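[1] Need the 3D shape of this:
(chains A, B, C and D)
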There are 4 protein chains.
Amino acid sequence: MSRKQKLYEIIFEADTPKGKLFDVALLVVILLSIALVILESVPSINANYRELLRLLEWCITILFTAEYILRILVVQRPSKYIFSFYGIIDFLSVLPSYLTLIFVGSQSLVVIRAIRLLRIFRILKLNRYTVAGNNLKLALQSSREKIFVFLFFVINVILIVGTLMYLIEGPENGFTSIPTSIYWTIVTMTTVGYGDISPQTPVGQMLASVLMIAGYAIIAVPTGIVTAEMVRSSTKSNTQVCPRCLHDQHENDAAFCKKCGRQLN
Amino acid sequence: MSRKQKLYEIIFEADTPKGKLFDVALLVVILLSIALVILESVPSINANYRELLRLLEWCITILFTAEYILRILVVQRPSKYIFSFYGIIDFLSVLPSYLTLIFVGSQSLVVIRAIRLLRIFRILKLNRYTVAGNNLKLALQSSREKIFVFLFFVINVILIVGTLMYLIEGPENGFTSIPTSIYWTIVTMTTVGYGDISPQTPVGQMLASVLMIAGYAIIAVPTGIVTAEMVRSSTKSNTQVCPRCLHDQHENDAAFCKKCGRQLN
Amino acid sequence: MSRKQKLYEIIFEADTPKGKLFDVALLVVILLSIALVILESVPSINANYRELLRLLEWCITILFTAEYILRILVVQRPSKYIFSFYGIIDFLSVLPSYLTLIFVGSQSLVVIRAIRLLRIFRILKLNRYTVAGNNLKLALQSSREKIFVFLFFVINVILIVGTLMYLIEGPENGFTSIPTSIYWTIVTMTTVGYGDISPQTPVGQMLASVLMIAGYAIIAVPTGIVTAEMVRSSTKSNTQVCPRCLHDQHENDAAFCKKCGRQLN
Amino acid sequence: MSRKQKLYEIIFEADTPKGKLFDVALLVVILLSIALVILESVPSINANYRELLRLLEWCITILFTAEYILRILVVQRPSKYIFSFYGIIDFLSVLPSYLTLIFVGSQSLVVIRAIRLLRIFRILKLNRYTVAGNNLKLALQSSREKIFVFLFFVINVILIVGTLMYLIEGPENGFTSIPTSIYWTIVTMTTVGYGDISPQTPVGQMLASVLMIAGYAIIAVPTGIVTAEMVRSSTKSNTQVCPRCLHDQHENDAAFCKKCGRQLN
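    As a prediction, the model looks like this:
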């Protein structure tokens, strides 16, 4: 096994002890780097430890840059890695630090490194989490149309109620424009309710009450959609695979493949 | 094919390339017109571009009016279109602009044009969204009685708790009247919680606590109702019966009976 | 049919046209009486129409008193009616008005009349709503134990987090006592979030964040409990009754009674 | 039966009348002790009854200490009790009172005694609540992976949106640091919405709107996960197989096979 291949196994895989160690170390450094950015933004800490934090950040950035270049070098088809999901995230993780040389303040954007934490699932028992993630993705995908119809309906309600509230309450009660009024409608319908703007006229309060009850009850719809899909897919959690057509989504009580009619084991 | 028939296909249908183009153009203009109304309400934009926005709005209104008249002309039975759901929406979409000639401020009501965006489902793969929408409608319809009973219960709780809070807290703590107190109860029970009014007395805070926990837990009921209905409808959306073993619980994509392997129709 | 019997049919039943008319009239008067109480609490209306509102209220109270006495007279076993659910509500509906002769302000308590609106289900197609209500009741009853365990857990969390927040934030940040702190915990965990009290220290905000995410996610538990119960009961919506043992909760695909083994039709 | 054995039965079990009485008395004292701590924290009560409350608290603490020592004495293997869940809770329940001799203010920590209330399930019909609790635990356990994936996703969103809001709004609008901004993101995404910090810039309000709708809709995911698991576990909680026709989907209360009428074991 060539040296490049060994490095590939360490950097890209998590099966060998060294590979696992590399990934754990990487996760620790990512977490540390996120903590640094968060700490740097706190005025009292920034005032006292700015130099130290900056130094540590640059160390980590150089480390990540080296790692990124190494990944490109050891992988067989660099272009495939570079334009893969992980490749792009790895690149975006080092970019903000270099951007600070040009734009002040972009440093905070390194929190995008949080997405690199996805590698944690490689260290944990990979398969179970991949299955869990795929199940979630499938359930959400197959409820796509219903959720789209639901969102369309909700956006319409928000637009119309937002405009009505602007007409009813008007700028003197804090509803200074339709965008502000739409913002208030979203804050209310999602039951967040900041209270920075709130209706003052009786008619406005009445419409707001209807909106709140609607927003409160309407949550039942997306929940119902997603749940029904998950219940349906959980009855298909069977691991049987048809020996002829390889279809693998059979219900628990299936004795024959529903796609080709072949008997299942 | 007569000219009227050709126009009908372009305006009312979305199957031909021209028909699709017409619908896409229409959607763009609708979105533009909504954007105009929203922008016009922003004081800083209104101060600088009022003339331009007004001009554009009148252009769009004339366009929509022309389209509305055209629709009436090319359709076979005008009265059927005029009193259909889409016909009424199309009419209401042009009305507010003309009303501004009489009443100031009614311009904002053109956001009702948002409902015209429903035509988007004609351009997208129509059928899948219609099915999704119908499924949602059916599930909500068959849970109508339960939701009605639930709402009756909730309204009673709101009326009684609202009055009690008025008696307990009184006008000196912001609960100036029973309608205000009911408004607060709705704000609290739906977990919106503006904070413009909040109980100050220990007894009031205790009752409010019970109300909040009730409101928090009670959401389980409509969610349960809708979800159970959706689960039920998603498991029995297929009416196929196996001609050999008469098993009748097949999934939608089943080509063979999962119990005996016989091909389904 | 004696006159007493005729009156009984009109007052207590809703099958005959006269009975239906009586119930509709009753509902209208109840709604009117609730509206009166609500209006009376509004300062501006009270200042101008106090006399009129009082007069109308006394008319309605006398009407309800007469109706209550009539109900006792025409029913066969008065004691059974008086101590029934409806009998107690009818009595409590007239009580507050007479109490105002002794205690000022108790007038508002007549909103308890809202419960009398339950009679609306007698006018609507009775059976469907009774079934819907019973289904809800059954589903909630059979999830009683789980909800009790869940509530126990939630109350413990509220007690402990409430006390911790009092220790962390202290009176200087608005957490003036443990009851206040517990009140804040409930406001936060149920995602109401008034904002009248909010944590100021970093540790307090961290604990509050964990509490919020917990409160946000934990709602899945009661929802799951109630929904699972409703899904289960909706698969038992079968109307088959065992001819031998009269058991009536059979699944849709049952061919034999699960209680006594008798073949079902 | 030795005296030690008798005491063991009274203190550790709830089957005998004496054992039940002991447990009920214990619960009452626990509740009383929690009430004392809560009352003591209220300034007006503390000012007047401090001495009395302190005295009662010390009585209860001595009682609990005696009970703890007694439990160790009567149990067969003291070390097993001491390091069991209940043993640790019992120890922690008396600790804070003694700590007040050293640290002022730690008295409030005796609310940990609330966990001792778990013994209530021993007095109530034990089994039903244990089953309910276990069902909940199982359903939550088997949805562990999915919930972990979901939480990972949510934390990433919170980190990234929190940082973006800090960059967009900045310290002048209350987003003084990234931790504060993350705190605001959690407050908003969980729909708590205190309103102590709220976005002021149009871009910030737009991002906040997206966050709110996401937070509002995303609750469907954990709810769906938990519900699907509960539905699944509630439908297959029975392992009985009909000895004649081998049908294996029986309800828990089935005494006869619903398919062939054969008696089940």
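
[2] Do you have the helices of the stretch 1-150 of chain A handy? List them.
    A:3-12, A:17-41, A:43-74, A:78-82, A:85-99, A:120-123, A:126-142, A:144-169 (DSSP state H, counting those that start in this stretch).

[3] List of residues touching the helix or strand following the last one?
    So the one you mean is helix A:144-169. Once helix A:144-169 ends, the next helix or strand along the chain (criterion: DSSP states H and E) is helix A:178-189. Residues from elsewhere that reach helix A:178-189 (C-beta atoms under 8 Å, 6 or more residues apart in numbering or on different chains): A:154, A:157-159, A:161-163, A:165-166, A:169, A:174-175, A:192-194, A:197, A:208, A:211-212, A:214-215, A:218, B:37-38, B:41-42, B:108, B:111, B:192, D:193, D:202, D:205, D:208-209, D:212-213, D:216. Heads up, the C-betas are built off the backbone N, CA and C, glycines and all.

[4] How about the residues of the stretch 151-265 of chain A by chain C?
    Neighbours of chain C within the stretch 151-265 of chain A, by C-beta under 8 Å from any C-beta of the partner chain: A:Thr191, A:Val192, A:Gly193, A:Tyr194, A:Gly195, A:Thr223, A:Thr227, A:Val231.

[5] about what we covered before: how about the helices of the stretch 1-150 of chain A in JSON lines, adding mean neighbour count?
    JSON lines is the format used below for those (neighbours: other C-beta atoms under 10 Å in any protein chain shown):
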{"stretch": "helix A:3-12", "mean neighbour count": "15"}
{"stretch": "helix A:17-41", "mean neighbour count": "17"}
{"stretch": "helix A:43-74", "mean neighbour count": "14"}
{"stretch": "helix A:78-82", "mean neighbour count": "13"}
{"stretch": "helix A:85-99", "mean neighbour count": "17"}
{"stretch": "helix A:120-123", "mean neighbour count": "18"}
{"stretch": "helix A:126-142", "mean neighbour count": "16"}
{"stretch": "helix A:144-169", "mean neighbour count": "20"}
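
[6] wait, which of the ones you listed is closest to chain B?
    helix A:144-169 (3.7 Å; C-beta to the nearest C-beta).

[7] So which other helices or strands are in contact with that closest one?
    helix A:178-189, helix A:202-218, helix A:220-234, helix B:126-142 (3 or more C-beta pairs under 8 Å, 6 or more residues apart in numbering or on different chains; DSSP states H and E).

[8] one step back: in the residues of the stretch 151-265 of chain A next to chain C, which residue is surrounded by the most others?
    In terms of neighbour count, A:Thr227 stands highest of these at 35 neighbours, by other C-beta atoms under 10 Å in any protein chain shown.

[9] For the closest residue to chain C within chain A, what is the enclosing helix or strand?
    Ranking the residues of chain A by distance to chain C (C-beta to the nearest C-beta) places A:Gly195 first, at 5.9 Å. Assigned by DSSP H and E, A:Gly195 belongs to neither a helix nor a strand.

[10] so who does the residue nearest the centre of chain A touch?
    Per C-alpha atoms, centre = their mean, the C-alpha nearest to the average position across chain A is that of A:Ile115, at 8.2 Å. Taking C-beta under 8 Å, 6+ apart, we find A:Ile115 in contact with A:Ile89, A:Ser93, D:Asn156, D:Ile160.

[11] change it to 10 Å
    A:Ile30, A:Phe85, A:Tyr86, A:Ile88, A:Ile89, A:Asp90, A:Leu92, A:Ser93, D:Asn156, D:Leu159, D:Ile160 (C-beta atoms under 10 Å, 6 or more residues apart in numbering or on different chains).

[12] cool, and A:Ala208?
    Counted by C-beta under 10 Å, 6+ apart, A:Ala208 has contacts A:161, A:165, A:168-169, A:184-185, A:188-189, A:198-199, A:201, B:183, B:186-187, B:192, B:194.

[13] same check, this time on A:Ala228
    Applying C-beta under 10 Å, 6+ apart, we find A:Ala228 in contact with A:139, A:142-143, A:146, B:135, B:139, B:226-235, C:227, C:231, D:224, D:227-228, D:231.

[14] can you list the domains in chain A?
    Here the domain parsing of chain A from automatic domain parsing is A:3-129, A:144-233.

[15] Please read off the pLDDT at the closest residue to A:Gly174 other than its chain neighbours from the model.
    Counting by C-beta to C-beta, 6 or more residues apart in numbering or on different chains, A:Gly174 lies nearest to A:Ile197, which is 4.2 Å off, once chain neighbours are set aside. Per-residue pLDDT puts A:Ile197 at 89.

[16] which residues touch A:Ile197?
    Contacts of A:Ile197 by C-beta under 10 Å, 6+ apart are A:165, A:169, A:173-176, A:180-181, A:183-184, A:187-188, B:194, B:196, D:195, D:198.

[17] ok, 8 Å please
    So A:Ile197 contacts A:Asn173, A:Gly174, A:Phe175, A:Thr180, A:Tyr183, A:Trp184, A:Val187 (C-beta under 8 Å, 6+ apart).

[18] Neighbours of the fifth one, how many?
    Using other C-beta under 10 Å, A:Tyr183 has 25 other residues around it.

[19] State the distance from it to D:Ile219.
    Counting by C-beta to C-beta, to the nearest Å, the separation of A:Tyr183 from D:Ile219 is 21 Å.

[20] cool, the third one as well?
    Noted for A:Phe175: a distance of 28 Å to D:Ile219, by C-beta to C-beta.

[21] repeat for A:Ala214
    From A:Ala214 to D:Ile219 the distance is 16 Å (C-beta to C-beta).

[22] So between those two, which is more surrounded?
    D:Ile219 (25 against 16).

[23] contacting residues for that one?
    A:Ile219, A:Thr223, C:Tyr216, C:Ile219, C:Ala220.

[24] what do you get for A:Asp90?
    Each residue near A:Asp90 by C-beta under 8 Å, 6+ apart is listed here: A:Phe64, A:Glu67, A:Tyr68, A:Arg71, A:Arg116.

[25] for A:Gln263, phi and psi?
    Backbone geometry at A:Gln263, expressed as degrees, to the nearest 10, gives phi -70, psi 140.

[26] beta partners for it?
    For A:Gln263, the beta-bridge partners are A:Phe256 (DSSP bridges).

[27] quick one: it from B:Arg262, how far?
    Taking C-beta to C-beta, one finds A:Gln263 at 12 Å from B:Arg262.

[28] now A:Ile178
    As judged by C-beta to C-beta, A:Ile178 and B:Arg262 stand 61 Å apart.

[29] which secondary element of chain A has the worst mean pLDDT?
    Sorted by mean pLDDT, DSSP states H and E, the helices and strands of chain A end with helix A:120-123, the least confident at a mean of 70.
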